[in-house]
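J.: sequence and predicted structure below; questions after.
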Amino acid sequence: MVTSVEPDLDGIDFIEVLSNRAGTPGHVPGAPQECTLAVHLLRGPVADGLGAGPGDERVVILGGVRTDPHVNPVHVLWAYPAIALVGDAERPPAVLDARVTQSDRDLVAAGVPAAIRSRVLVVRTAAPGDRSTYVLRLHGTTGRSAPAGFDGPLAHAAFRFDVDCPSDLDCRQRATSPPPEVASPVQDYLARDYEALRTRLLDRMAVLLPEWTDRSAADVGVTLIELFAYIGDRLAYRQDSIAQEAHLGTARLRTSARRHARLLDHRVHEGCSARAWLAFTTTADMSLPAGTAVSGAGMVPGQDKPSVDDVVQSGAVVFETCHPVPLARARNRLALHAWGDADQVLAVGTTSAFISVPRALDPALKAGDVLVLAELGPTGMLGDGDPARRCAVRLDRDPVERTDSLTPSRRVLELHWHRDDALRTPLTISQPGTGGARTAAVALANIALADHGISIHGDAPDPAQVPEDGRYRPYLRRTSLAWTVPADAAPVEGLSPDSPGWQSATDALRPDPRRAVAQLELDDGARRWLPRNDLLGSTGTAPHMVVETEENGSSRLRFGDGISGRRPTPGSSMTVRYRIGGGSHGNVGVDTLNAILHLPSGGSLDGVAVTNPLPAAGGVDPQPSAEVRELAPRAFHGRTQAVTPEDYARIAVADSAVRQAVARPRWTGSWYALQVAVDPVVAADFELPDRLAALMELRRTAGVDVEFRQTSAVPLDIALVCCLHERTLRSEAERQVRDMLSASVLSDGRRGFFHPDRLTLGASVFLSDLIAHAMSVPGVLHVEVERFCRVGAGAQENQASLARGRLDASPRESFRCASDPRRPEAGRVELTMRGGA
């Protein structure tokens, strides 16, 4: 109820519904029920023109959810002041309306006291309303604003028709007293450790049992209190640990972080063992078994054949061979053949060479073999040569025998190796000597791949026996478990990036730690248990387990539950064979591994020497937990499916044989297809479309056809006139300008202006950039551009591109300008040098 209003304004105080139910006080027979409203005003009296006769809309009733008066079933039949309906002692009723019956007048006279009839407006509705809330609104003569003399907010009021609801329930509100306040003891929630809990318990016992004053450590009561304090300390620590380990951001255990990351589809790697190429020299042909251990000389002092424990305690870096390798005397050193050239050097990027061997010896080289090409020192010894000029290569085809008429007593074999093993430094294969050309480089062919780690046999986990009930979660007794990528080589025929294993000798030293597997194997007497990254894909009978390592290097084993992974047999005893090592500690330098420790079979390798001509590589430490917290939430950000054209181009570039790619939809006449234009690294890679098609088939959107096209290389025709300083050597300046505008890699590692990696698909070539590169050469004072257009363009197109200052390409085009006289179709740069010396 509103009780305050402006002194000169009136308003609705409340609305009373005259129910007129039978049996209630003031019942008038014949009068309608719940159809008569008494609108009480705050001040009054009711204005003469406030009523509503036939067709008048100054009094409107709106329903709770039916705000439109045209669809509101409750509408006003008539509205008059109460004093005008029933009159008083001084004056008779003033309303003469046929719709107002005598029963209506009697109901108003019985329901509205005579003292307040002057400020009561009686409203008669055509029908009673439901139990929803209604609003009665008073309008002025215009039918929109409040009546004259009324406060706008008080010109309407809400009410309900169900004011008199018969019920057998007592609706009286019963007064209830609040519960008495009980003083609770002050609790110290920081008392969670042993000492604080012990002190609080002793204080509490002093209140409950004041007669007990013995605080001796031998007292039974003190012993029980200390026991409860210890249990409380353990429970508080466990509660805190559970709360912390439940979230990726606060987890302290590496196992918890790994499991959270796995839920986000992010795999945490545990590091990877380093790999190295070992070169053996032997005095007798033999077979080198897999698992041969090699270490550095002097790492285990005073022992010729140290035990595994001695090696582990000494901290020696031990490598073991990955596969059995046959050793032959004919493959110790193979001289590179120079064809009589006294000063021959293999250039950077070379993928073939020749070797010469005596006709009586057959090195039995074949496709897939790995060789190490190395320069010899001035004394002819391998150890005196430059270690930086060594390269491991893998033959991608069988050697082809050639004939050198100058050396009929020797066989010449042509070797060709994988393009990833192309020489990264020049290799001198012959030098002038006193008696003619001297061999300056050799090929080592007794090569074996080894990875970091030493095998432990006959050990047992802790505990070794599977319990009768409960989960079996044993620990490994030694730390630093080795994780290694399977070292299987890919087949030579049909080499492709999707083939399992390493493709080249260089690729073998780049293991992916995300594919590393724990070097562990358990045996319970009935079956072998092998490690897996998780048990989600393991059946209930698969003998698989998961290795979970912590920051301190300790490893714990988790077995299946009979649904995901097999459950160990209760009572069985486990034995374990594993390797320890791995991490960046195994990235040792050149010629470090030169001592053979032992053979797996316990045999001898007399007359066999070993070294690592190349540094070990690929050793990676376990992924830090801080990095896991940073990268795991972003696992969903990388899109693995192709939806937009940019996704198709991104997936195509994932192939190492694709330099650039661009995709766009193309109308085929019946539907749209995605056309992917690729810029291959090697133009003659005929297997690239099949590889890309297989890659797209796994990621393309259903119903989308994918077509592959090669990009178009657009050759350019460039002509420059360079004005030189008078003291600049003309020939030297021309050479430098040609290098700056070439498509090759310069001697200082920079790329030429027209290098393919600088000219992306659809990128424009700007005239200002071309002039800037030419003028960066010392001694060039001015550059004039005479031609700047595509090959075959006319004079008009040339003038247009010069005026525009750039050459534009379509999304499938890339500009090329090799300036190679042997390939004029690849573009050319003509230089005219003026001035200089």
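T.: It's in.
J.: looks to me like Q431 is in a helix.
T.: No: counting by DSSP: H, G, I helix; E, B strand; the rest coil, Q431 falls outside a helix, being strand.
J.: tell me the buried residues in stretch 805-820?
T.: 807, 809, 812-819 (16 or more other Cβ atoms under 10 Å). C-beta coordinates here come from the backbone N, C-alpha and C atoms, glycine included.
J.: need the contact partners of stretch 194-206.
T.: Here stretch 194-206 makes contact (Cβ atoms under 8 Å, 6 or more residues apart in numbering) with 188, 190-191, 212, 215, 221-222, 225-226, 228-230, 232-233.
J.: and if we set it to 10 Å?
T.: The contact list for stretch 194-206 (Cβ atoms under 10 Å, 6 or more residues apart in numbering) reads 185, 187-188, 190-191, 212-213, 215, 221-222, 224-226, 228-236.
J.: may I see the PyMOL selection of the buried members of the residues you listed?
T.: Here is the PyMOL command that picks out the buried ones among those, judged by 16+ other Cβ under 10 Å:
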select buried, resi 191+222+225+226+229+232+233+236
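J.: in the chain, which spans are helices?
T.: In order along the chain, the chain carries the following helices (DSSP state H): 82-86, 102-111, 194-208, 220-245, 254-263, 308-314, 505-508, 625-631, 645-653, 688-697, 730-740, 767-775, 795-804.
J.: okay, the buried residues of stretch 805-820 in TSV with pLDDT next?
T.: Shown next, in TSV, are the buried residues of stretch 805-820 (pLDDT from 0 to 100):
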residue	pLDDT
L807	91
A809	86
R812	80
E813	84
S814	83
F815	88
R816	86
C817	89
A818	85
S819	82
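J.: could you dump those residues into CSV with distance to P474 added?
T.: Output for the buried residues of stretch 805-820, formatted as CSV (distance: Cβ to Cβ, whole Å):
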residue, distance to P474
L807, 69
A809, 64
R812, 60
E813, 63
S814, 59
F815, 64
R816, 63
C817, 66
A818, 64
S819, 68
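J.: which pair in those spans the largest distance?
T.: Spatial extent of the buried residues of stretch 805-820 (Cβ to Cβ) is set by the pair R812 and S819 at 23.6 Å.
J.: now tell me what touches stretch 695-704 from outside.
T.: Applying Cβ under 10 Å, 6+ apart, the external contacts of stretch 695-704 come out as 497-498, 639-644, 647-648, 650-652, 654-655, 665, 671-674, 676, 693, 706, 708.
J.: list the buried ones in it?
T.: Neighbour-count burial for stretch 695-704, counted by 16+ other Cβ under 10 Å, picks out 695-696, 699-700.
J.: now do the contacts for the nearest residue to T549 once chain neighbours are set aside.
T.: Among residues not flanking T549 along the chain, S555 sits closest, at 4.8 Å (Cβ to Cβ, 6 or more residues apart in numbering). Listed by Cβ under 10 Å, 6+ apart, the contact set of S555 reads 270, 461, 474-481, 518, 520, 547-549, 578, 580.
J.: now S555: how far from T640?
T.: The gap separating S555 from T640 is 31 Å, by Cβ to Cβ, to the nearest Å.
J.: from the contacts of stretch 695-704, list the buried ones, please.
T.: 642, 647-648, 650-652, 655, 674, 676, 706, 708.
J.: ok, which pair from those residues is furthest apart?
T.: D655 and L674 (16.4 Å).
J.: which parts of the chain belong to which domain?
T.: 12-159, 196-245, 329-445, 451-586, 645-710, 712-835 (automatic domain parsing).
J.: how about these, which one is nearest L614?
T.: Checking the domains of the chain against L614 by Cβ to Cβ gives domain 329-445 as the closest, at 5.8 Å.
J.: averaged pLDDT, the closest one. What do you get?
T.: Mean pLDDT, domain 329-445: 88.
J.: please pick out the residue of the chain most distant from its centre.
T.: Seen from the C-alpha centroid of the chain, the residue lying at the greatest distance (Cα atoms, centre = their mean) is E90, 93.0 Å away.
J.: per-residue pLDDT, that residue?
T.: 76.
J.: got it, and P45?
T.: 88.
J.: which one is it nearest to, not counting chain neighbours?
T.: Nearest non-adjacent residue to P45, counting by Cβ to Cβ, 6+ apart: S118, 4.1 Å away.
J.: the one you found contacts G44, correct?
T.: Yes: assessed by Cβ atoms under 10 Å, S118 is found in contact with G44 at 5.4 Å.
J.: shared neighbours, the two?
T.: Residues touching both S118 and G44 (Cβ under 10 Å, 6+ apart): 81, 83.
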